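A.B. asks: here is a sequence with its predicted model. Questions after.
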Amino acid sequence: MDESIFTEEEIKELNKISQLPEEEQKKVLPEFLKKLSPEQLNVLKQSQPSQCPYCLIAEGKIKAKKIYEDNELVAALEINPASLGHAIVFPKKHFSVLAQLKDVGNLFNIINKISSVLFETLKAQGTNILVSNGPAAGQIIPHLVVEIIPRFEKDKISFNLPRKKASEEDLEKILSLLKGKIVLEKKEPEKPKEPIKISKKQERMP
């Protein structure tokens, strides 16, 4: 697919929309989509990595306020933050959801480090670590992004989710579906190395 199908401004606008809160995305995205051609809409539906804003940031084609980068990950400041210091972390390789990563160790080490820095440097009183996996969870662009949001008293940020008590029957049904499905690969313990034998001749000092 020709990368020039989107203008630089359209890519930047799409990137900004992807970083808005879910409710604002719902208001802004339909108007943006109306301006696109059928071919452009098809590209978005197919989620071509070459048109993904996060891939373009990783490739250096879109500028970002990067606070960390290594061979696998980019961490940058959110340009539409819920609070100042709001950061995003994403893999350079195009993964749609967290479950596609075989090894999340480096990702969560960096997330944990950034969270610690927000506590220490910005004197945050808490942090939220948020992952939206899939459209039903509010994900607009199918590239895995983890958000780290510093929290302060009276910051008016709300994550109040509607909850209702589940019936015992429903809980048992879900339990029977999930129990035994979560199996981690066991690593074989390393065999202790045999001590190096030193002969009496070697023990003598010259």
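C.D. replies: Now that the structure is in, tell me what you want to look at. Note that the coordinates shown come from a computational prediction; the quantities given were computed from them, not determined experimentally.
A.B. asks: which strands and helices sit next to the longest helix along the chain?
C.D. replies: Across the chain, the longest stretch assigned as helix under DSSP state H is helix 105-121. Contacting helix 105-121 under the criterion 3 or more Cβ pairs under 8 Å, 6 or more residues apart in numbering; DSSP states H and E are the following elements: strand 66-69, strand 73-77, strand 87-91, strand 126-131, strand 146-151. For every residue, glycine as well, the C-beta is placed using N, CA and C.
A.B. asks: which neighbours in the sheet does the last one have, and how are they oriented?
C.D. replies: By that I understand strand 146-151. Strands that pair with strand 146-151, judged by DSSP bridges, come out as strand 87-91 (antiparallel), strand 126-131 (antiparallel).
A.B. asks: save the ones you listed as CSV, and put in distance to residue 114 and mean pLDDT too.
C.D. replies: Supplementary listing: the strands paired with strand 146-151 in CSV, determined by distance: least, Cβ to Cβ, whole Å; pLDDT from 0 to 100:
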stretch, distance to residue 114, mean pLDDT
strand 87-91, 6, 97
strand 126-131, 9, 96
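A.B. asks: just put the ones you listed in CSV and tack on distance to residue 149.
C.D. replies: Conversion of the strands paired with strand 146-151 to CSV gives the following (distance: least, Cβ to Cβ, whole Å):
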stretch, distance to residue 149
strand 87-91, 8
strand 126-131, 4
